[in-house]
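>>> What would the 3D arrangement of this be:
(one chain, ligands or ions: 2)
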Amino acid sequence: MSGRARVVTRFGAELILRTESGELLRAVSRRNLVKHGPAHLRVSVCGDYVSYETDDGDNKAVATTLEPRQNVLVRPDHRGRPHAGAANIDQVLIVIAPRPSPDWGIIDRYLTAIAALSATPLLVINKSDLSESPAEGLIADTEALYSGLGYRVLRTSVKNGDGIETLREHLHGRTSLLVGQSGVGKSSLTRALDPGLEIRIGELSAISGEGRHTTTVAHLYALSSGGDLIDSPGVRDFAPYEPTADDLATSFPEIAECAHDCRFHDCRHRAEPGCAVKAAAETGRIPPSRLRSFLELEGNSA
Ligand code: GDP
Ligand code: ZN
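Ligands and ions are numbered 1, 2, ... in the order given. The predicted structure is shown next:
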C-alpha cells in the first residue's frame, strides 16, 4: 500500500502518520528523505506531508518523500540550536486573557514571528466571562489597538461558551497553531473546541507507545468540526531570531506606511532628524507601544 499522509508527530526516529482516509500509522523515515539544505530541515516534522509505503507484513510504514513546505516553524532547542517544530501552518492564534494580563511587547513579537512564517494571525481574547476584572480596561485597549491596526480579534469564554462556535469556523479548513502565555487558557480552549480530542490523544499515545502523552513534542490533531490544530508546547520563545525588514514591514504596517514621510529613506526611527515615525508616536498617531516593540525587534534584525 502507498499513499499520501500527514505527519502527526515524531518521537525519536519514529513518526505517526495520518493517511488521507484518517488512519494512524506508525512509520519510519527513509534515510536521506531530503538531500540538501540544513540538517534541521531535512527531517519530517509535525504537519509535513509525505508519501509513504507499507508492505503486507506488520512492519512499520516508510515515509519515502517529503513534499515542499508552505512554511516551517524553527525554534532553538535547549542547547540553542535550530530545531524544526512544525510545518505547513496557515494560521496562528495568539491567545490572551485578563489573567494573566496581556503584554503588548509579547503580542508584537508573536505578530512578527507570524509574518516571518507568512501565516495569518488571529488574536483570541479568552476568559471574556471575566469582564468585571480590573484588567478589563487593558483588555478593551488591547482589542481597540489591534483591531484598529487591521488584525482579526475574537473574544471567547471557555466558561460560558461565548465565541467558541465562531472560533471553530475560523479553524475550519486550515491548520492552526495556538500560542500565548501560560494560563491564558490554550488547553481549555482546545478541549472546548473538541471534547472528543482527549480520547484521541489517548489513542495516539497508545499507538506511539509513548505511554504518557509527551508534552514536549508538537502534535497535529484533526478537529471533528474541521481543520487541524497543532499543539506545540514550549512555543513561548516562538519568535524569529532575526526578523527581516519585510517581516517588520508586514507586522508593523502603520510604521512602514508612515516611514515614507521620513526625511531619510533608510531612517531607523531612532534619533534621525525629520523622522515622521517618531513624530507620529509623540502625537499618539502611532501607538508608542508599537514603536517600542518595533525598535526592539529591529535591533535584532538581520
Ligand atoms: P494554558 O496554560 O494556556 O493551557 O491555560 P489553561 O487552559 O490551563 O487554563 C488556565 C486556567 O484558566 C485554568 O484554571 C482554566 O480553568 C482557566 N480558564 C481557561 N479558560 C477560561 C475562561 O474562558 N474563563 C475563565 N473564567 N477561566 C478560564
Ligand atoms: Zn523615521
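>>> CA only for contacts and neighbour counts going forward, please
Noted.
>>> And residue 195, how close does it get to ligand 2?
From residue 195 across to ligand 2, the span is 50 Å (Cα to the ion, to the nearest Å).
>>> Confirm that that residue sits in a helix.
No. Secondary structure of residue 195 (DSSP: H, G, I helix; E, B strand; the rest coil): coil, not part of a helix.
>>> elements contacting the longest strand anywhere in the chain?
The single longest strand within the chain, with elements called by DSSP state E, is strand 2-11. Contacts defined by 3 or more Cα pairs under 8 Å, 6 or more residues apart in numbering; DSSP states H and E place strand 2-11 against strand 14-19, strand 49-53, strand 219-222.
>>> quick one: the helices in this structure?
Using DSSP state H, the helices of the chain run over 104-117, 136-148, 164-171, 186-193, 197-208, 245-251, 253-258, 276-283, 288-299.
>>> Nearest to ligand 1, out of those helices?
helix 186-193 (3.6 Å; Cα to the nearest ligand atom).
>>> How about the contacts made by residue 221?
For residue 221, the contact set (Cα atoms under 8 Å, 6 or more residues apart in numbering) comprises 8, 197, 228-231.
>>> doesn't residue 267 make contact with residue 278?
No. At 10.5 Å, residue 278 does not count as touching residue 267 under the criterion of Cα atoms under 8 Å.
>>> and residue 189, how many neighbours?
Number of residues near residue 189 (other Cα atoms under 10 Å) recorded here: 22.
>>> Return the distance of residue 188 relative to residue 39.
35 Å (Cα to Cα, to the nearest Å).
>>> list the contacts for the closest residue in space to residue 35 that isn't next to it in sequence?
Of all residues not flanking residue 35 in the chain, residue 42 sits nearest, at 7.1 Å (Cα to Cα, 6 or more residues apart in numbering). Neighbour list for residue 42: 32-36 [criterion: Cα under 8 Å, 6+ apart].
>>> at 10 Å instead, please
Contacts for residue 42 were tallied using Cα atoms under 10 Å, 6 or more residues apart in numbering; they are 31-36, 66, 84.
>>> likewise residue 45?
When the contact criterion is Cα under 10 Å, 6+ apart, the partners of residue 45 are 6-11, 15, 66, 72-73, 83-88, 217-219.
>>> Give me the buried entries from these.
Buried by 16 or more other Cα atoms under 10 Å: 6-10, 15, 66, 72-73, 83-88, 217-219, out of the contacts of residue 45.
>>> Number of residues surrounding residue 75?
Residue 75 has 21 neighbouring residues, counting by other Cα under 10 Å.
>>> just to revisit the earlier point, relative to residue 58, which of the helices of the chain is closest?
Counting by Cα to Cα, residue 58 lies closest to helix 197-208 out of the helices of the chain; the figure is 13.5 Å.
>>> what number of residues lie near residue 279?
15.
>>> One more: residue 254?
For residue 254, the neighbour count with other Cα under 10 Å is 18.
>>> Residue 286 is in contact with that one, correct?
Yes. Judged on Cα atoms under 10 Å, residue 254 makes contact with residue 286 at a distance of 7.1 Å.
>>> which neighbours do those two share?
Jointly contacting residue 254 and residue 286 under the rule Cα under 10 Å, 6+ apart are residue 277.
>>> Contacts only, for residue 299.
242-243, 268, 293.
>>> Could you pull up the residues touching residue 8?
15-19, 24-25, 45-49, 86, 204, 218-222, 230.
>>> Now do the closest residue to it other than its chain neighbours, the pLDDT please.
Using Cα to Cα, 6+ apart and skipping residues adjacent in sequence, the residue nearest residue 8 is residue 220, 4.7 Å away. Here the pLDDT value assigned to residue 220 is 92.
>>> can you count the residues close to residue 220?
For residue 220, the tally of surrounding residues (other Cα under 10 Å) stands at 25.
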